[in-house]
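Participant: sequence first, predicted coordinates after that:
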Amino acid sequence: LLLNLPANDMFHIVAIMDRLSTDGTEVIEISGSTWEVVANYPEMDFGDGATFEWFLEEVSYRYPSDKLAVTAWDHGYAWRYISDDTTSGSRISMPELQRAIENAGVYIDVLAFDACNMAAVEVAYQLSLTGLVGIMVGSEESVPTTGFPYDLMLMPTALDTTRTPAQMAVDMVQGFEAYYAPQTWATTVALSAVNISAISESSSVFYEWVDAMRSYLPVYETNYKQALNDAYCAWATHYHVDMADLGDALLADSLVTDTDFRSATSEMVSAIDGSILDAWGGKYAEDSRGLTLWWGWGGDWNYYADAYTEVAFATDTGWWSFLDEYN
């Protein structure tokens, strides 16, 4: 699909690939309907944050630019990992991703994930800590095997390179919608563009909301469970809940009356909604608002609780402690 984009001297497309079918790593330049392998390297571990760090440094050195968009294509699993390397079996955790970006020191205007479930507040928050990511594009849901329709998503920028990163990110969401909306089977697909700076600026709002959730757990535990049941959850679970929809479900409960709690929840919803540049969901994902939050309970909590302690949002806000008390 990238070959469908017109050639433009001001718009460079570069792919660094580790194919399962061959040894080695290739750097490929794409221009119009042609592509060329311009460099070869030994086999690399794409499940290692150090490889992503090298990639950012390589792109910055070979292709200096005023605006940089990076897409990571592979398997993703929200806060757990991005990029599952089939050969090594390794994956990039969120702390690894943060370190890779910080060590490379390369500013990324738009970081997109052509991977499942990466539109999570934990991912956005971890990226915000780098100070080197402007906008994140990702899906709360599973991304179909057909992946991103890159021609539709990038065409406006290929034709007009003066478009801002925010405009490009919105173009990506709208191009995704244009491709998947007519597909009758694509009922639970979704994509959102998130302003990472807004997430950073809202950190105190998240801290206060989590503090309220913990303080009122003895009073509202039953109401929490009902809100979790009522709110939109990604990929048919009740673990990865849409954060803004969860807040609205709590606010819609007439039995949740404490004014401080309601104020903290309302501010959280406004912060999440205010960070979303654009979002779209299919027929059964229309209530997805842009970012999920992991509400682990039962077996899911027991299995992943230890790993969740490595996630910055979980520890910085106290959300891990809330879940521990809840469980």
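Facilitator: Thanks, I have the structure now.
Participant: just confirm Leu111 is within a strand.
Facilitator: Yes: assessed with DSSP: H, G, I helix; E, B strand; the rest coil, Leu111 lies in a strand.
Participant: isn't it right next to Leu132, touching?
Facilitator: No: counting by Cβ atoms under 8 Å, Leu111 sits too far from Leu132 to count as a contact (9.2 Å). To be clear about C-beta, it is placed using only N, CA and C from the backbone, and glycine gets the same treatment.
Participant: who's more crowded, those two?
Facilitator: Leu111 (26 against 18; other Cβ atoms under 10 Å).
Participant: just to confirm, which helix or strand has Glu177 in it?
Facilitator: Taking DSSP states H and E as the definition, Glu177 sits inside helix 165-180.
Participant: can you give me the buried ones in that helix?
Facilitator: 165-166, 168-177, 179-180 (16 or more other Cβ atoms under 10 Å).
Participant: can you list those in TSV and add distance to Ala78 and pLDDT?
Facilitator: Formatted as TSV, those follow (distance: Cβ to Cβ, whole Å; pLDDT from 0 to 100):
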residue	distance to Ala78	pLDDT
Pro165	24	99
Ala166	24	99
Met168	24	99
Ala169	20	99
Val170	23	99
Asp171	24	99
Met172	19	99
Val173	19	99
Gln174	24	99
Gly175	23	99
Phe176	19	99
Glu177	22	99
Tyr179	23	98
Tyr180	20	98
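Participant: which one among the residues you listed gets closest to Tyr107?
Facilitator: Nearest to Tyr107 among the buried residues of helix 165-180: Pro165, at 10.3 Å, using Cβ to Cβ.
Participant: for the closest one, which non-adjacent residue is spatially closest?
Facilitator: Asp109 (3.9 Å; Cβ to Cβ, 6 or more residues apart in numbering).
Participant: who are the neighbours in contact with that neighbour?
Facilitator: 67-69, 134-135, 165, 168 (Cβ atoms under 8 Å, 6 or more residues apart in numbering).
Participant: and the gap between it and Ser197?
Facilitator: Going from Asp109 to Ser197 by Cβ to Cβ, to the nearest Å gives 12 Å.
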